[in-house]
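>>> any chance you can model this:
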Amino acid sequence: MSIHNHDDYDLIKQYLGGQSSSLEILINRHKNKVFSYIFMVVKNRELAEDIFQDTFIKVIRSLQSGTYKEEGRFVSWVMRIAHNLIIDFYRKEKHLKTVSNDSTEVPLFNSAKYSELTIEESLVIDQVHHDVKKLVEQLPEEQKEVMVLRFYYDMSFKEIAEHTNVSINTALGRMRYAILNLRKLMEKSNVDLVIH
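The predicted model follows:
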């Protein structure tokens, strides 16, 4: 079996056993997801690249020092490190909670059923995505984060809980409040998110 087909756990064991190419495969396997998440939050490519590098430096150090314990998926652990480094950066900069999402072009809700559409339908869907994004921006930071991780990154609530260092019940609660708040915001803004 090719080394590229090995799961994350096997690649970590091989890396710790002296096979450095295993780490390269691990990083390549998850780099797009990790970088996309960082960039989506910080909105600055240079800063995202710095935090991305710091994330994998921390990953390597943790693996080498034996502090990584196999408690779920490797990628969730890496995303948690990235998340914590972003928070550290904003704490240092003293503007935690001022991250803007205006410049992102990533739709929060995506669906395969939109692939064969007329120009008019595409424009309506683009408008819906734009409206949803604006409404999600108005949510409290914790609720917004759960929505983005659930709908854009397709994470399970277990993964979201691990990623944000909270219980599954807390993650579910945040999603529930996010949906309730979105409904209120939609009513207040007279936004119709139904695609006719």
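>>> next SSE downstream of the lowest-mean-pLDDT helix or strand in the chain?
Within the chain, confidence by mean pLDDT, DSSP states H and E is lowest for helix 119-137 among all helices and strands, at a mean of 68. Once the chain leaves helix 119-137, the next helix or strand it forms, by DSSP states H and E, is helix 141-151.
>>> using CSV, write out every CA atom in that next one.
Presented in CSV, the C-alpha positions along helix 141-151 are these (Å, rounded to 0.1, in the frame of the first residue of the first chain):
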residue,chain,number,x,y,z
GLU,A,141,-18.8,35.8,17.7
GLU,A,142,-19.4,32.3,19.3
GLN,A,143,-22.7,31.8,17.4
LYS,A,144,-21.1,33.0,14.1
GLU,A,145,-18.2,30.6,14.5
VAL,A,146,-20.4,27.6,15.1
MET,A,147,-22.5,28.5,12.0
VAL,A,148,-19.4,28.9,9.8
LEU,A,149,-17.8,25.6,11.0
ARG,A,150,-21.1,23.7,10.6
PHE,A,151,-22.3,25.0,7.2
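>>> which parts of the very next helix or strand once past it are buried?
Per DSSP H and E, the first helix or strand lying C-terminal to helix 141-151 is helix 157-164. Of the residues in helix 157-164, Phe157, Glu159, Ile160, Ala161, Glu162, His163, Thr164 count as buried by neighbour count, 16 or more other Cβ atoms under 10 Å. (Glycine included, C-beta is placed from N, CA and C.)
>>> what's helix 157-164 in contact with?
Residues from elsewhere that reach helix 157-164 (Cβ atoms under 8 Å, 6 or more residues apart in numbering): 72-73, 76-77, 79-80, 83, 142, 145-146, 149-150, 155, 167-168, 170-172, 175.
>>> my guess is Arg29 meets Asp8, correct?
Yes. Here Arg29 reaches Asp8: they are 7.5 Å apart, a contact under Cβ atoms under 8 Å.
>>> which one's more surrounded, the two?
Ranked by neighbour count (other Cβ atoms under 10 Å), Arg29 and Asp8 place Asp8 first, with 18 against 15.
>>> show the contacting residues for that one.
By Cβ under 8 Å, 6+ apart, the neighbours of Asp8 are Leu26, Arg29, Arg73, Phe74, Val75.
>>> filter those down to the buried ones and hand me the PyMOL line.
A single PyMOL command selects the buried members of the contacts of Asp8 (16+ other Cβ under 10 Å):
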select buried, resi 26+73+74+75
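>>> sort out for me which of the contacts of Asp8 are in helices.
Residues of the contacts of Asp8 located in helices (DSSP state H): Leu26, Arg29, Phe74, Val75.
>>> can I get these in a markdown table including distance to Phe52 and pLDDT?
As requested, the ones in helices among the contacts of Asp8 are exported to a markdown table (distance: Cβ to Cβ, whole Å; pLDDT from 0 to 100):
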| residue | distance to Phe52 | pLDDT |
| --- | --- | --- |
| Leu26 | 14 | 89 |
| Arg29 | 14 | 90 |
| Phe74 | 16 | 86 |
| Val75 | 14 | 85 |
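>>> coming back round to it: list just the nearest of the buried residues of helix 157-164 to Ile179.
Nearest to Ile179 among these is Phe157, at 13.4 Å by Cβ to Cβ.
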